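# Here is a sequence together with a model predicted from it:
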Amino acid sequence: MSQKFVQIIDFETQRMDEMRELLDRFERQMQGTPGGPTHRMLLQDREKTGRYLAIMEFESADDAMRSNERPEVSKLNEQLSALCTRPPAFTNCDLKDTRELK
């Protein structure tokens, strides 16, 4: 069994509404397509205005890499990066433990 994989994307933008529109459209377009993220979270930094962390969970690192190679994902990443005030920073992680606490 493969190990789940999480990618954390640290980015800054003043155009979050436009980013949400792109993401919503992309998610509708990709609905039912195999692979890709299985879960996502978006966090907003309370200390630094305009800074966000997107946490994307995949079934495996291989799924994440195949997803990143899709032309639709490459196009989306270009569009989202253009809305950022600095290049996004990526952290790739193997998921070791997750649990609901309440």
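That came in fine, so what should we check first? Numbering: from 1, shown residues only.
# and the residue nearest the centre of the chain, what helix or strand is that in?
In the chain, the C-alpha closest to the average C-alpha coordinate belongs to Met56, at a distance of 4.5 Å (Cα atoms, centre = their mean). Under the assignment given by DSSP states H and E, the secondary-structure element containing Met56 is strand 51-58.
# again, but for Asp17
Following DSSP H and E, the helix or strand that holds Asp17 is helix 16-30.
# Please compute how far that helix lies from its chain's middle.
Distance, stretch centre to chain centre, for helix 16-30: 12 Å (Cα atoms, centre = their mean, to the nearest Å).
# Likewise for stretch 27-42?
Using Cα atoms, centre = their mean, the offset of stretch 27-42 from its chain centre is 10 Å.
# Touching, Gln29 and Glu72? I think so.
Yes: assessed by Cβ atoms under 8 Å, Gln29 is found in contact with Glu72 at 7.0 Å. All C-beta atoms are positioned from the backbone trio N, CA, C, and that covers glycine.
# Name the residue in those two with the higher neighbour count.
With neighbours defined as other Cβ atoms under 10 Å, Gln29 and Glu72 compare such that Glu72 has more, 13 against 10.
# quick one, strands of this structure?
When assigned using DSSP state E, the strands of the chain occupy the ranges 5-12, 39-44, 51-58, 89-94.
# can you tell which of these is closest to Asn68?
Smallest distance to Asn68 across the strands of the chain (Cβ to Cβ): 8.9 Å, for strand 5-12.
# packing partners for that closest one?
The helices and strands touching strand 5-12, judged by 3 or more Cβ pairs under 8 Å, 6 or more residues apart in numbering; DSSP states H and E, are strand 51-58, helix 61-69, strand 89-94.
# Among these, show the one with the smallest mean pLDDT.
Confidence, taken as mean pLDDT, is least for helix 61-69 of the helices and strands packed on strand 5-12 (a mean of 91).
# Now do that helix: distance to the chain's middle.
Centroid separation between helix 61-69 and its chain, computed with Cα atoms, centre = their mean, is 12 Å.
# With stretch 73-80 instead?
From the chain centre to the centre of stretch 73-80 is a distance of 11 Å (Cα atoms, centre = their mean).
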